[in-house]
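J.: what follows is a predicted structure for the sequence shown.
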Amino acid sequence: MKENRLRVVLAVVALILAVGMVVAVSLVPVRAATYSRGSSGSIVSQIQTKLRQWGYYSGAVDGVYGSATEKAVRLFQQKNGLAVDGRVGVQTLAALGIQASEPGNSAQLDLLARLISAEARGEPYSGQVAVGAVVLNRVRHPSFPNTVAGVIYQNGAFSCIRDGQFNQPVADSAYRAARDALSGWDPSGGAIYYFNPAKTTSKWIWSRPLIVVIGSHRFCA
């Protein structure tokens, strides 16, 4: 009888401790992202765009947080009564009217990251994002399937599906690039095609209007 009571008491104590741990974890504040010199991606592009619109920044909207962006942020913070540190955290993002969020479901992210890794491993980071952006531009284009999976698996669309590179381990940078592309960063300038001149055997692809060259890839309309 005593042993049964002891078991019950121990079970109740364990339950109380487990609940306490869950509550404690839930009370830990979530730390919002802070953007500063060296950051890159779609949120940085949005920051630069807002600062340009309001006359604080005159540089390129390239998604790279450099010294000119930092200087513009400091001026914006000074003019708007914010802490002047050249870093864009929660308060500065709010003042700029920008909401940073994680888009897309995990399956979509995984597919896009896998394609980016297979097609653009070793390319500049902006070139990796651009490859992801091409996939998303095709999703929105009437001439292509209207899902990420449909675009990626469209017959003959990407050589990595045929040669097995698509099934190789995915580079960490490809996941970051996929998130940035899903967030809206498009270094390709709206391209729906890209190719490597050193590897292509297609004469037709050379007829597509060139938008930008990033690393080894030509991105075309």
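T.: Great, that's in hand. Numbers count the residues shown, from 1 in each chain.

J.: just name the shakiest helix or strand of the protein by mean pLDDT.
T.: Least confident helix or strand of the chain, by mean pLDDT, DSSP states H and E, is helix 2-27 with a mean of 45.

J.: so after it, what's the next helix or strand?
T.: Moving toward the C-terminus from helix 2-27, the next helix or strand (DSSP states H and E) is helix 42-53.

J.: in that next one, which residues are buried?
T.: Residues of helix 42-53 classed as buried: S42, I43, V44, S45, Q46, I47, Q48, K50, L51 (neighbour count, 16 or more other Cβ atoms under 10 Å). (C-beta placed from N, C-alpha, C; glycine too.)

J.: next: stretch 154-161.
T.: A157, F158, C160, I161.

J.: tell me the mean pLDDT for it?
T.: Mean per-residue pLDDT for stretch 154-161: 90.

J.: for the most centrally placed residue in the chain, which non-adjacent residue is closest in space?
T.: Among the residues of the chain, the one closest to the centroid is D180, at 1.6 Å (Cα atoms, centre = their mean). Distances taken as Cβ to Cβ, 6 or more residues apart in numbering put G41 closest to D180, at 4.3 Å, once the chain neighbours are dropped.

J.: ok, that neighbour - contacts?
T.: G41 makes contact with G63, V129, R176, R179, D180, S183, W185 under the criterion Cβ atoms under 8 Å, 6 or more residues apart in numbering.

J.: how near is it to G189?
T.: 16 Å (Cβ to Cβ, to the nearest Å).

J.: equivalent analysis for K71, please.
T.: 26 Å.

J.: part of a helix, is N155?
T.: No - using DSSP: H, G, I helix; E, B strand; the rest coil, the assignment for N155 is coil, not a helix.

J.: and the helices in this structure?
T.: 2-27, 42-53, 67-79, 90-96, 106-120, 125-140, 148-152, 159-163, 172-183 (DSSP state H).

J.: tell me which of those sits nearest to I211.
T.: Closest approach to I211 among the helices of the chain is made by helix 125-140 (9.6 Å; Cβ to Cβ).
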